[in-house]
Structures are given as C-alpha cells and as structure tokens.
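Chemist: Structure for the following, please:
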Amino acid sequence: MPWLQISFTVEQDQAPLLEAALENAGALAVTLGDAGDDPQLEPPPGVMPLWEGVRLTALFDDDAAGLAQVNALAATLGPTALAPPIVERIEDRPWERVWLDEFSPTRFGRRLWVCPRGQLPDPKQTGPETVIVELDPGLAFGTGHHATTALCLEWLDATDLRGKTVLDYGCGSGILAIAALRLGASLAIAVDHAPQALEATRDNAAENEVADRIEVYAPQDQPPLTTDVLVANILAGPLVELAPRLAELVAPGGSLALSGILVDQAPAVARAYSTDFDLDPPQLREDWTLITGRRHASCP
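Modeler: A predicted model of the protein is given here:
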C-alpha cells in the first residue's frame, strides 16, 4: 500500500519535541537523520544525535484522514523548520529487493568477499582461497560499501590473522569481526554500545558459522583483556578520546587499525596514538583515512 510522507529539517534542540508531536499525531513511523553531510558516531540509546540540523521524516496512511493530518502538520510545524516541509506520496515497494539491489557481492582485497545473505559471487570470480562473509546489516551500520569499512576490510585481508585474537570496537553489524574470523583469527571480540548492533552481530556470526568464536559485549560489560589486533571504525573525536583505553587493550607488538577519520582529522588522531604505536603512512579513500600501526614491543 502507498504512504504519505512528510519530512522537514529543524535545529537539533527542536527535534525531540517535534518527534513527539509527529508520534502524537498518529505517525506510523518517525525517523531522524543528518540534514547535511555531517557524519557522526551513532549515539547511545536515549541520546540525541550530534547533528546541527536534524531531518525528521514521518509516514502516515494514504487516506483522507492521513492527508488531512499531513497538511495540518505542514501548516503547524512549517514555521519552525529550516526549510519548507516536503510532502510526498510513497508507493509501496519490495523493500528487501531494493536493499539487495544496492548491496551486491563485493570483493575487498585479494580473498575477501562480502555478500548479502543468499547471494554469492559469480564462481568465475572466485578461487580456492576465496573467503565469503554473508551479511544482513539489520538496523546496524556496516555492509562494507562505505569507504571507512572498505579500508578496514582490505587491511584485514592483507594481514596475517591466523590464530590471533581480534577486537572490533564499535562493531555495528559485526562485519569486521566476522571477516577476521573467516580470514583465520581464532577469536573475535565485538564491542558496541547499541543493542541493535550487538543483536545484528550475533545473528550475522551465526549465519557465517563463527558464533562459537565470537564474544559480544557492551563497553561497560567488556572484561579485562589484551588483543593481538584491534580495529575501530568509529569517528575521529571518539578515537582521540578513547586513545588511552584502546591502546592498553592491544598487546605489545599487536596491530591497530583506525577508521572513520576524515583526511583533515588524521593528524590529530595520529598524535593521540603515536606515543604507544609505530604508525604506518595513512591510507586514503575518497575523503577518508585509515591509520594503522603496531604497538611498541616495550609497552607494559
């Protein structure tokens, strides 16, 4: 069935009230997103996103009552918006098919392929060393198609992970932890503050038959540990803030890969980790940077 959609952009501090107003008006669904090109770390449950401009989108039934409600909302809420509200009629679509059309089997590095569940690469493109991760990101970020995730996947593919422990900090869909296990790691530890990320990681680990070799934690539940390899694909600000904590999680001589870093943010992130790590030249992809290195062997 078709839907009526109203969307508008407001200042961040107005978003909670307007979200509640849309829900009280009978919206079937309300989503909040970045109104511009301003990527941010996903906030903890109950915390507002850090975007300066928030885009609210609400769906209503496509009937006379829904149309009256949408028009009333446009007239009432329009003066508080940064731009005039947009009202659209959205045709029903096979959304699972739309998702698959946008997410197709993709190779990262020499061996690694990431595929939607049930959709494998052409056998002509694979070989005996091919490693396949089948993924359903669910509500969590991470299919490998964003430059930040692609950089991490290619780095994992090029790293000897056999028998090693890998920590994926900010695991999202679990794609990096699961890829590491499929590439030979003996144990992966996946950490994220979002409950939907932890659920998606567990589901994807089971789908890829690695559930017996992965441990999934919220940050506050993570036990004391050291790891051979740490991958953190979050954002520059949190990476700088977390530098002391993440550094102490890496064993002496262990490897580090940091992503989610814009090119002009790379120097600040590198400085935060240079005390404990010998860093490699940064790898660039579009506007994003991957910082890698090895922890000093003399670290306690």
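Chemist: what about the stretch 151-300 of the chain, any weak spots by pLDDT?
Modeler: Counting by pLDDT under 70, the stretch 151-300 of the chain shows low-confidence ranges at 299-300.
Chemist: where along it do the helices fall?
Modeler: Using DSSP state H, counting those that start in this stretch, the helices found in the stretch 151-300 of the chain span residues 175-182, 195-207, 236-249, 266-273.
Chemist: What distance do you get for residue 81 to residue 26?
Modeler: Distance, residue 81 to residue 26, using Cβ to Cβ, to the nearest Å: 20 Å. Where you see a C-beta, it was placed from the backbone N, CA and C, and this is true even at glycine.
Chemist: So between the two, which is more surrounded?
Modeler: Neighbour count, other Cβ atoms under 10 Å: between residue 81 and residue 26, residue 81 has more, with 19 against 13.
Chemist: hang on, isn't that one packed against residue 10?
Modeler: Yes - with contact defined as Cβ atoms under 8 Å, residue 81 counts as touching residue 10 (5.6 Å).
Chemist: thinking again about what came up before, a markdown table please, covering the helices of the stretch 151-300 of the chain and showing mean neighbour count and distance to residue 14.
Modeler: A markdown table is the format used below for the helices of the stretch 151-300 of the chain (neighbours: other Cβ atoms under 10 Å; distance: least, Cβ to Cβ, whole Å):
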| stretch | mean neighbour count | distance to residue 14 |
| --- | --- | --- |
| helix 175-182 | 29 | 34 |
| helix 195-207 | 20 | 25 |
| helix 236-249 | 17 | 24 |
| helix 266-273 | 18 | 31 |
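Chemist: Dump those to JSON lines, plus distance to residue 280.
Modeler: Putting the helices of the stretch 151-300 of the chain into JSON lines (distance: least, Cβ to Cβ, whole Å) gives the following:
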{"stretch": "helix 175-182", "distance to residue 280": "18"}
{"stretch": "helix 195-207", "distance to residue 280": "28"}
{"stretch": "helix 236-249", "distance to residue 280": "16"}
{"stretch": "helix 266-273", "distance to residue 280": "10"}
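Chemist: Between these, which one is closest to residue 66.
Modeler: helix 195-207 (28.3 Å; Cβ to Cβ).
Chemist: Tell me the backbone dihedrals of residue 27, please.
Modeler: Phi and psi for residue 27, reported as degrees, to the nearest 10, are phi -60, psi 140.
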